[in-house]
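Visitor: I'll drop the sequence and a predicted model, then ask my questions.
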Amino acid sequence: MMGAMERPADEAYELLDAGQGRRLERFGALLVDRPAPGATEGRRGGADWSRAVAFRGGLGWVGVDGAMAPRGPIRVRLAQSNTPLMLADLTAGGQVGIFPEHARNADWVCDAVSRRAHGDGGGPEGGGELPPVLNLFAYTGLLTLVAAAAGAAVTHVDASRPSVAWARRNAAANGLEERPIRWIVDDALRFLRREARRERSYDGLILDPPSYGHGREGGHAAAFRFERDIEELLAAALEVAAPDAFWLISTHTVGWEAERLTAALAWTLGVRPRQVEGLPLGIEAASGARLALGAAARFDPLAGEPR
């Protein structure tokens, strides 16, 4: 993958400003203004919000001067060194197919996979057995592709068929379509229980559950609520985790800061909270504004305790 200094300007991502419940971002040549509940302060200025395609509730995407918003995939590379090229687009729900804040975990996932993939002759070039990694609520596959490129055999699970199809297009855009990636459309809890019955285990688990979402169960959508279901989800994931598995969980749920998320993961794993690394997920804008975007907790027993 390309290094951070090698990204073409027409493929770069940048948060330009944030405030008053909105965020102004550049995806390649496209300027986007969309909602951001974490942007609670005023805008810093210095950015031309009037030139952006904006998402408005009830109206959808509104182009400059009321023109129709452009549609179609936009090639985007995030700043971190191990992030793949992603295909962004303007969706009906106001999303763009990328959570840029998740790029902060790309290098960590790459390192965690490499410790397991290259230690026994594995990895893309080594010819050994590839470490299996499970990515739940995997969306359009940012960390799936990071793990696959680092040498993992990835199982990518999401309840949304369009999101899984999008992830497969991202894999093809990075030349990773031939890597060992299982693409699964399923409810996360249902899938975990089935894998446990099959006695399958994974050397790494990546989870990004929604605050509120829908899964698939018996042909009907089963609601997932983070506050209510996170303990059950982690317990089910533990059933398929190898003894030295690495863990990464992230959330955008209000009230779940890094410390609380770290405590929940530590309790599930039976380790001390200080052994789990917690970090806020956020992005600093070019204007100096700071956009809070949730939290993450990560644990790798092969890496030693975090500082």
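Guide: Structure received. Numbering: from 1, shown residues only.

Visitor: which non-adjacent residue is nearest the residue positioned nearest the centre of the chain?
Guide: Geometric centre of the chain, nearest residue: residue 102, 4.7 Å, by CA atoms, centre = their mean. Distances taken as CB to CB, 6 or more residues apart in numbering put residue 142 closest to residue 102, at 5.5 Å, once the chain neighbours are dropped. In this view, the C-beta of every residue, glycine as well, is placed from N, C-alpha and C.

Visitor: and the residue lying farthest from the centre of the chain, helix, strand or coil?
Guide: Within the chain, the residue lying farthest from the chain centre (CA atoms, centre = their mean) is residue 65, at 33.2 Å. Under DSSP: H, G, I helix; E, B strand; the rest coil, residue 65 falls in the helix class.

Visitor: and the helices in the stretch 201-307 of the chain?
Guide: Ranges of helices in the stretch 201-307 of the chain, per DSSP state H, counting those that start in this stretch, are 226-238, 258-269.

Visitor: as CSV, those with mean pLDDT would be great.
Guide: Shown next, in CSV, are the helices of the stretch 201-307 of the chain (pLDDT from 0 to 100):
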stretch, mean pLDDT
helix 226-238, 94
helix 258-269, 97
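
Visitor: which one of the ones you listed lies nearest to residue 42?
Guide: helix 258-269 (25.2 Å; CB to CB).

Visitor: the closest one vs helix 226-238, what angle?
Guide: Angle, helix 258-269 to helix 226-238, by axes from the mean of the first three to the mean of the last three CA atoms, to 10 degrees: 40 degrees.

Visitor: when you give positions from now on, start the count at 8
Guide: I'll keep to 8 as the first residue from here, and by that count the last item is helix 265-276.

Visitor: does helix 265-276 pack against any helices or strands, and if so which?
Guide: Other helices and strands packing on helix 265-276, by 3 or more CB pairs under 8 Å, 6 or more residues apart in numbering; DSSP states H and E, are helix 233-245, strand 248-258, strand 284-291, strand 297-306.

Visitor: buried residues in that helix?
Guide: The neighbour-count check on helix 265-276 (16 or more other CB atoms under 10 Å) flags 265, 268, 269, 271, 272, 273, 275, 276 as buried.
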